[in-house]
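Trainee: Build me a model from this:
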Amino acid sequence: MTAVEERRPGTRGAGQLEDCLAACAVHSGKLVGSVDRRRGELAEELRKLLALWSMRPAGQAAPQGASGAAAVLKRVVKGGSAGSRLTNDVLDALIAVAGKALRCDYDDERRLAELIADTVLGLRENSRAGWRLRARVMEAKGDEPAAVRAYTRFLELTSDDGTGIAAKVTGLRTAADRERDLLDLLGRTRPGAQALAARRPATELWAEGLELRARGAREEAEDLLVAALLAHARSGAPVPDRQRLLSGYVDLRVEDARAGGDPRGTGALTELAALWSEQHRTRRRGPVADPAMGGVTWLSLGEFRNTIAGRSVCLVANSGRVGAGGLGREIDDYDLVVRFNSYRIDPAHTGSRTDIHATIHKHGFNWDKPVTTRLVFGGLSHEWKYSLRNRLVPGAQEYLGDESLRWPLRNIGKVGSEEWPAIPTTGFNMLWLLDFLDVNPVIDLIGFDFYESGAYRVDAAMKLPITTVHEYTSEKDWVLARARHVTDTRISLR
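Mentor: Next comes the predicted model:
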């Protein structure tokens, strides 16, 4: 089955925007009074979507005094062909709702996200956001083959894989191969299990196997347990269910080894554990080509200070003002050029050189572009490390900031959420760090208008919203309070 065939355009609700919005309205009503934080966040996104739709011109205007869910439901009843168009603002709102729905991790919300994915692809067959959403839904349901097909279609439609989807697809495919290898190994070692798996359901085999183990009949139990694993895989059970059963089986084998030696030998357990670990690891984070990070040199806070001391530095914003500023030659004249996240290069306007790439760990834009130093920022240590393992491109940087440089404002400045409630932007973390170190004779901010002129990014990032988790007004006030000279395009801190 191809990804396009899989979209099921004939299914009721798929491709029918009004039906989808009605389902969103109904679901919004179900969340009233929920104390679940994630469902509360979903309810807020649903409110935004329904408010947006109720204000849109359509074949039938929303009844006077009707708003939110009521307005949408009344519009669905009255209909109108003009209401069937999926505009970009509604698309973005639907995708935001689906994203929050998937985070809830409940069946009802997964079904809502799937309906939204089907609706988007029913109206926009080549929507990158739609195919990525469908892949995430299939992954949440445990249908990895469908997820891989959808992710592959997404990659066919985009020229810049800034979010690491190609690595994810490789990881899912590799994990499926290792899982098959693991089951083949078990099938070869227990030939009697093959016949059992073809005749009886997995749950029955597993329960009987555990009962035999409890009575001490471990050899007889083994055929039943392996047969249960084989039957479960053949039934097309969702990946999370298969993983739980496999994990339980590996735990039993480890328990046997600890109790006095596995009669099958330590070599058999080692091979089993290696296959289990590899399929589990690659499924979660994709293949890791170079555990040594490509021979990169790590920089601590003090070492970073020494590499930049005494040099003029400019920080180039990803703003519309930079994209039309014509300052490329001036930018390249600084000793150090710092760029952020999904920066875009247009030599006449942005300059051509990047010495330091400062980026949030959550996106992979420009990680493959060669730079001298890459600083990756992130609030949570384990997520930061996970992103480095998955997104760092060996050889694309000489130096990499270590954990002492992971979250400058919070960890170095000890500025807590009470003093600075908002999440600091990548740009603010970087300029705060340079101001704190105070070793540069020139620190200039080029094009920092705090997105008043819009965003200027690589194409794949232009559809990303200017996030609301940051507080740009506070950052602007902080900068201007320390500025020594200000023009339309340049703010000088030194």
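
Trainee: Where does pLDDT dip in the stretch 51-200 of the chain?
Mentor: Within the stretch 51-200 of the chain, the segments meeting pLDDT under 70 span 56-84, 162.

Trainee: can you do 80?
Mentor: 55-85, 159-164 (pLDDT under 80).

Trainee: What of the stretch 301-450 of the chain?
Mentor: The low-confidence ranges in the stretch 301-450 of the chain, as defined by pLDDT under 80, are 389-390, 450.

Trainee: need the strands for it, in chain order.
Mentor: With DSSP state E, counting those that start in this stretch as the criterion, the stretch 301-450 of the chain has strands at 313-316, 336-340, 356-360, 371-377, 397-401, 443-446.

Trainee: Return the second one as CSV; C-alpha atoms alone will do.
Mentor: Read it as strand 336-340. The C-alpha coordinates for strand 336-340 follow below in CSV (Å, rounded to 0.1, in the frame of the first residue of the first chain):
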residue,chain,number,x,y,z
LEU,A,336,33.3,36.5,14.9
VAL,A,337,29.9,36.1,13.3
VAL,A,338,27.2,34.4,15.5
ARG,A,339,24.0,33.0,13.9
PHE,A,340,21.0,31.3,15.4
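
Trainee: Other residues contacting that strand?
Mentor: Residues from elsewhere that reach strand 336-340 (Cβ atoms under 8 Å, 6 or more residues apart in numbering): 308, 311-318, 331, 351, 353-359, 366, 426-427, 430, 440. No exception for glycine: its C-beta is placed from N, CA and C like everyone else's.

Trainee: okay, the angle between that strand and strand 356-360?
Mentor: Between strand 336-340 and strand 356-360, the angle comes out at 20 degrees (axes from the mean of the first three to the mean of the last three Cα atoms, to 10 degrees).

Trainee: can you check the fourth one too?
Mentor: Computed by the same axes, to 10 degrees, the angle separating strand 371-377 from strand 356-360 equals 20 degrees.

Trainee: Show me which positions of strand 371-377 end up buried.
Mentor: Within strand 371-377, the residues that count as buried by 16 or more other Cβ atoms under 10 Å are Val371, Thr373, Arg374, Leu375, Val376, Phe377.

Trainee: Can I get the strands of the stretch 301-450 of the chain in JSON lines including distance to Lys100?
Mentor: Listed next are the strands of the stretch 301-450 of the chain as JSON lines, based on distance: least, Cβ to Cβ, whole Å:
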{"stretch": "strand 313-316", "distance to Lys100": "33"}
{"stretch": "strand 336-340", "distance to Lys100": "26"}
{"stretch": "strand 356-360", "distance to Lys100": "20"}
{"stretch": "strand 371-377", "distance to Lys100": "24"}
{"stretch": "strand 397-401", "distance to Lys100": "32"}
{"stretch": "strand 443-446", "distance to Lys100": "34"}
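
Trainee: between these, which gets nearest to Ser34?
Mentor: strand 356-360 (29.9 Å; Cβ to Cβ).

Trainee: Within the sheet, what are the partner strands of the closest one, with directions?
Mentor: The pairing partners recorded for strand 356-360 under DSSP bridges are strand 336-340 (parallel), strand 371-377 (parallel).

Trainee: To Glu204, which of these lies closest?
Mentor: When the strands paired with strand 356-360 are compared by Cβ to Cβ, strand 371-377 sits nearest Glu204, at 49.7 Å.

Trainee: so how far is the closest one from its chain's centroid?
Mentor: Distance of strand 371-377 from its chain centroid, counting by Cα atoms, centre = their mean, to the nearest Å, is 20 Å.
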